[in-house]
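Visitor: based on what follows, work out the 3D shape:
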Amino acid sequence: MKIIKKIGWFLLIILIIAQFFGPEKNEGSIETVNAFIAETNPPSEVHKILKESCFDCHSAKTKYPWYNSITPINYWLADHVKDGKKHLNFSKWSSYSLKKKEHKMDELYEEVEKGEMPLNSYTWTHAEANLSQEQINAIVAWGKKVQAEYKQQLKAK
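Guide: From the prediction side, this is the model:
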């Protein structure tokens, strides 16, 4: 029994020390999404949805919840954001090729339409990110319109 108690104390001390360390935060400027917004011109309803449901994990600026101060949760969130930005980063939209933009718009509305985005693990703690069918329809309609515009531009090339 003494060994279990010692292991417990050791793990508690490690956990306390770990609270003084954490991953780098995604704290750039939200203005980095302006190029995406200007180019794709989402209706105000869709812009609001993107802001509430997408930008935290898919841009250079994340609004962190209070529990991000707790290790190891902060590492899990940092990995989550890093992975989200790897797949789609609205802050780097202007650096994407026309073909990549067309493809990303296709992925964007398909993921939302299938209910894959936003992730359940995000909506559990961000109730405002839960999308109604009406909101999903708005994103899909806007996404298809923007994708069609990109396809048209690709054909013109």
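Visitor: drop to CA atoms for contacts and neighbour counts, all remaining ones
Guide: Noted.
Visitor: so which helix or strand takes in the residue nearest to the spatial centre of the chain?
Guide: Centroid check for the chain by CA atoms, centre = their mean gives Cys57 as the closest residue, at 2.1 Å. Here Cys57 sits within helix 55-58, counting by DSSP states H and E.
Visitor: find the residue closest to the residue nearest to the centre of the chain in space, skipping its chain neighbours.
Guide: Distances taken as CA to CA, 6 or more residues apart in numbering place Val81 nearest to Cys57, at 4.5 Å, with adjacent residues excluded.
Visitor: that neighbour belongs to a helix, doesn't it?
Guide: Yes - judged by DSSP: H, G, I helix; E, B strand; the rest coil, Val81 forms part of a helix.
Visitor: I'd say it and Phe55 touch.
Guide: No - applying CA atoms under 8 Å as the test, Val81 and Phe55 come out as separate, 9.8 Å apart.
Visitor: pLDDT score for Ala38?
Guide: Listed pLDDT for Ala38 reads 93.
Visitor: for Glu24, give its distance to Ile136.
Guide: Distance, Glu24 to Ile136, using CA to CA, to the nearest Å: 32 Å.
Visitor: so between these two, which is more surrounded?
Guide: Shown here are Glu24 and Ile136; by other CA atoms under 10 Å, Ile136 has more neighbours (20 against 9).
Visitor: wait, that one touches Glu113, no?
Guide: Yes - counting by CA under 8 Å, Glu113 is a contact partner of Ile136 at 6.2 Å.
Visitor: ok, the residue nearest to Cys57 to Asn74 distance?
Guide: Taking CA to CA, one finds Val81 at 11 Å from Asn74.
Visitor: and for Leu98?
Guide: Distance from Leu98 to Asn74, by CA to CA: 35 Å.
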